[in-house]
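**Q** A predicted structure for the sequence below; I have some questions about it.
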Amino acid sequence: MTRTVRRKLAHSKEKNKEIVGSDSDNPDDGCLCSSTICDLDWTALPDDTAIQLFSYLNYRDRASLSATCQTFRVLGSSPCLWDSLDLRYHKFNITTAQLLSSRSKNLQKLRFLGGESADAIISLEARDLCEISGYFCRDITDATLSMIAARHVMLECLQLGPDVCERITSFAIRVIAICCPKLKRLQISGVKVVTGEAINALAKHCRQLVEVAFMESDSVDEFALGNLTSVQFLSLAGTKNLKWNSASCVWSKLPKLVGLDVSRTDITFSSVMRLFLSSQYLKVLVALNCPVFEAEVDNHMTYNQKGKILLTVFNDIFKAVGSLFVDITENESNMLSYWRKVKSTDRSMDAIATWIEWIFSHFLLRIAENNPKELDAFWIKQGAALLLDLLQSSQEDVQERAANSIATFVVIDDENATVDAQRAELVMQNGGIRLLLDLARSYREGLQSEAAKAIANLSVDSKVAKAVADIGGINILTGLARSVNRLVAEEAAGGLWNLSVGEEHKGAIAEAGGIKVLVDLIYKWRAGNDGVLERAAGALANLAADDSCSMEIAVAGGVHALVMLARSCKFEGVQEQAARALANLAAHGDNNNDNAAVRREAGALEALVQLTFSQHEGVRQEAAGALWNLSFDDKNREAIAAAGGITALVSLAQSCSNSSQCLQERAAGALWGLSVSEANSIAIGQEGGVAPLIALACSDIADVHETAAGALWNLAFYPTNALRIVEGGGVPALIHLCSSSVSKMARLMAALALAYVFDQRTEEFAPGGPSSEGTSKTMNFDEIKRVALKKIEAFVLSFSVPQKFAAAMVSSAPKALGQVAEAVRIPEAGHLRCSAAEIGRFVAMLRNPSSILKACSAFALLQFTIPGGRHTLHHTSLLRNAGAPRVLRAAAAAATAPVEAKVFVKILLRNLEHHHLEALN
């Protein structure tokens, strides 16, 4: 588990008109070219055109543009530009309210977010304000809401939700009733107890009240609701503890009640029938997800009785709504869309359809958030289709909730970014991607944010991601990521993050300018905006896995930006993605410039080392991965050690026994990378690194024990570490790996580690002590050595093909030798890089009295010199410098050498000759 595109602006009187047509797939269609923009005298535009341009800006940009010149100051103060304010996506406090006070005198419609904004609304001089919508209102108190009501007595609509308003009580509702006699719509979610006194106050003072919604309440006085004689639409969705027998009797007598919503309540079948049969004017009864009712009702119940429709999860909702229209046609299955198309002259029917949209947008959002298992079939059968229909609503808040619902209902596991593929692809197959991208092109920031979030979540599914890219979604998301609105930029970055998972989309994101945009987001929102930073860093981490994108990230300043996050950001999600991005940047081969570039950034390695101590496993894992990749650079190895990396990584290896396989692998891998250096290898042994590596070598996971074996191989090169391996019980662990691992690489490195341990004189590090005890330990050691050598021999012989080896013994023909080379080749071994000292050690081992160690040495050198290996030329050069050809010829001629060793040596000589001739040419 989110665009500011410069376009020609089409004139429209519709409030939610999009900047471009929905049929445009190219985000640059209609753009004004830069030369035109530079040459254009904007102040010479006709007034109505300039005002239209102003209308597409949020209030802060509108105010800023008004301050640029006298012409724009006059035009920017036009009353028509300040009759509506959406304060949800920018910081709005008392200071801002005072600055806007002079412009807000004609304000009629206001949207706000949270308690601080609610406090600031009191300071607005908007005496004609008639509509207020509040979101995330948990912190709003009775005092604040009462002051708002007292200041804005012309209110006709007050909406607070859909989250619960847990600090608002019936007292505030009474104040609203007394202060706002013109109130027509009241919708509040989460008031715990709505008393009869509060409802009676509404009935007494608000005689024009048409629509009431008390949702998610613990208790509502159902008798008092019977006094709201002017109410046409009533919603009690999610309300508990209602006495349904009494309620149905009282509400059925409401003289104007047209629509009633009792969704997610415990209403009974008998109460539903009483309302249906007794309510004279009732046309629409919504009873969605009502367990008691659904348990009692026949699922084949008729949805239309006496001109009244019942909307339930088991009825065909579109067909039921369609029955409201006299001129219904058989081909119109999507009746809400049909209603929008027709020129309706029936205002009451328009009001019903508008209310139905509003009710369904709330219901679908709520069940998407809760995701009850019993509604899985509903989503597939008609829920998804309803959401797509609501995306086309003329009500902006309905569109936003529908997009939010789509973003929510497809998610199975937000923590692991898992979506329901069937739901996601259902949205795609029914045209939902294009609808969402059309909304994302809107100039309304609320629609941009919610649409981008839905696109981001849907794009977790690879098929949907391809559809988004094919329709032009990458360009749209890249444009939105440039938005000055943090929420819009955040959701757009999230979309690019999910799309960048697909290898086929990385190049398209780069071509759209997405890499520069993502890097700029880190600089732009560097403080206190963890959501933006995590998504931007996550997208860059995915893109950094691509060679060409990796270089572009570096050119765009991405290395510095990511190091800055790793050093200074305290949010674990950001730390994890920044470390992952740095790890991927450092993973492109031995001569990767980005690898060195990370080291050159001040404090980069120190920051990554410190992240290995994080309490968050994902952060530790990615930091270890970054240090592992960085350790492939010689200078980085020493710099990491100087930054305390050895102590940190040994500590990490010691503590990760119960952690994820990936963390264990990376901890061992980072120590493996550092142990290439002699000083680091000795320091790892001194810091206690041998014991945890032995423990990791005992893991059943191939990737884990393979990297641990690699680290132990490097450490065993030095006698003091070899002794630590023996004393720490490492030999049995390596013997087990050598004989039983499913990974050929793990078996190879375990064999080489054992060869390093036992090609030295035993008395150099065999345990001592009193004579009897010392003799016993020496005997045990000699027995372990004997077993180890037998396992090394068995490992080498496991690659033997008798017929091919026999042919190679009697002939030096390239074909015969080539067949053996191909049979014994371990492809991954071509990535191993040995130092001159290690190559010299293997050459010396060819002279070892042990025929097993001779064969093992020849086998290893063969792996390092097979043509096509990454470091083959490096190894052949070192072999020549070490005088290997002479030693190899002697080994091939030795009468006591085993057949395998002689064949391996012959192939080695051929490889050396081949690469020598290749170098001469």
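**A** Yep, that arrived.

**Q** can we go C-alpha only for contacts and neighbour counts from here?
**A** OK.

**Q** for Asn93, which non-adjacent residue is closest in space?
**A** Setting aside the residues directly before and after it, Asn93 is nearest to Ala120 in space (Cα to Cα, 6 or more residues apart in numbering), at 5.0 Å.

**Q** toward the C-terminus, what is the element adjacent to the helix or strand that contains the one you found?
**A** Following DSSP states H and E, the helix or strand that holds Ala120 is helix 114-121. Going down the chain from helix 114-121, the next helix or strand is strand 131-135, by DSSP H and E.

**Q** partners of that next one in the sheet?
**A** Sheet pairing for strand 131-135, assigned by DSSP bridges, gives strand 109-113 (parallel), strand 157-160 (parallel).

**Q** tally of neighbours for the nearest residue to Asn457 once chain neighbours are set aside?
**A** Once flanking residues are discounted, Asn457 sits nearest to Ala407: 5.7 Å by Cα to Cα, 6+ apart. Counted with other Cα atoms under 10 Å, residues neighbouring Ala407 total 25.

**Q** and Ala407, which of the three is it?
**A** helix (DSSP: H, G, I helix; E, B strand; the rest coil).

**Q** I'd say it and Ile455 touch.
**A** Yes. Counting by Cα atoms under 8 Å, Ile455 is a contact partner of Ala407 at 7.3 Å.

**Q** intersection of neighbour lists for those two?
**A** Applying Cα atoms under 8 Å, 6 or more residues apart in numbering, one finds that no residue jointly contacts Ala407 and Ile455.

**Q** need phi/psi at Asp47.
**A** The phi/psi pair for Asp47 (degrees, to the nearest 10) reads phi -60, psi -40.

**Q** show the pLDDT at it.
**A** Predicted confidence (pLDDT) at Asp47: the value is 79.

**Q** and the one 4 residues further on, by the same measure?
**A** pLDDT, Ile51: 79.

**Q** check Arg60 too.
**A** At Arg60, the pLDDT value in this model is 74.

**Q** and the helix or strand containing Leu565, what's buried?
**A** Per DSSP H and E: Leu565 is located in helix 558-568. Neighbour counts over helix 558-568 (16 or more other Cα atoms under 10 Å) mark 558-567 as buried.

**Q** and stretch 522-542, by the same measure?
**A** 522-526, 529-542.

**Q** what of stretch 910-917?
**A** For stretch 910-917, the neighbour count (16+ other Cα under 10 Å) marks 910-912, 915 as buried.

**Q** can you give me the distance of the residue nearest to Asn93 to Arg486?
**A** The gap separating Ala120 from Arg486 is 21 Å, by Cα to Cα, to the nearest Å.

**Q** quick revisit: who are the packing partners of the helix holding Leu565?
**A** If contacts are counted by 3 or more Cα pairs under 8 Å, 6 or more residues apart in numbering; DSSP states H and E, helix 558-568 sits against helix 514-524, helix 572-585, helix 593-600, helix 604-611.

**Q** and those as JSON lines, adding mean pLDDT and distance to Val398?
**A** Below are these laid out as JSON lines (pLDDT from 0 to 100; distance: least, Cα to Cα, whole Å):
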{"stretch": "helix 514-524", "mean pLDDT": "96", "distance to Val398": "30"}
{"stretch": "helix 572-585", "mean pLDDT": "95", "distance to Val398": "32"}
{"stretch": "helix 593-600", "mean pLDDT": "77", "distance to Val398": "47"}
{"stretch": "helix 604-611", "mean pLDDT": "95", "distance to Val398": "44"}
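
**Q** just the closest of the buried residues of stretch 910-917 to Ala351, please.
**A** His915 (84.5 Å; Cα to Cα).

**Q** so how far is the strand or helix carrying that closest one off the chain centroid?
**A** Assigned by DSSP H and E, His915 belongs to helix 899-920. Distance, stretch centre to chain centre, for helix 899-920: 51 Å (Cα atoms, centre = their mean, to the nearest Å).

**Q** now do stretch 655-666
**A** That offset, for stretch 655-666, works out to 22 Å (Cα atoms, centre = their mean).

**Q** buried ones in it, by neighbour count?
**A** Going by 16+ other Cα under 10 Å, stretch 655-666 has these buried residues: 656, 661-666.

**Q** quick one: residues in contact with it.
**A** Residues outside stretch 655-666 that contact it (Cα under 8 Å, 6+ apart) are 617-618, 620-621, 624-625, 628, 653, 695-696, 701, 703-705, 707-708.

**Q** check which helices and strands the helix holding His915 sits against.
**A** Packed next to helix 899-920, using 3+ Cα pairs under 8 Å, 6+ apart, are helix 802-810, helix 814-824, helix 851-865, helix 872-881, helix 884-893.

**Q** the helix or strand where Ile476 lies - contacts with which helices or strands?
**A** Using DSSP H and E, Ile476 maps to helix 473-480. Where contact means 3+ Cα pairs under 8 Å, 6+ apart, helix 473-480 is packed against helix 432-440, helix 486-499, helix 503-511.

**Q** ok, now with 6 Å
**A** On a contact count with 3 or more Cα pairs under 6 Å, 6 or more residues apart in numbering; DSSP states H and E, helix 473-480 meets helix 486-499.

**Q** and the helix it packs on, how far out from the chain middle?
**A** Relative to its parent chain, helix 486-499 has a centroid offset of 9 Å by Cα atoms, centre = their mean.

**Q** neighbouring contacts of it?
**A** Helix 486-499 is contacted from outside by 2, 449, 452-453, 456, 459-460, 465, 477, 480-481, 483, 532, 535-536, 538-539, using Cα atoms under 6 Å, 6 or more residues apart in numbering.
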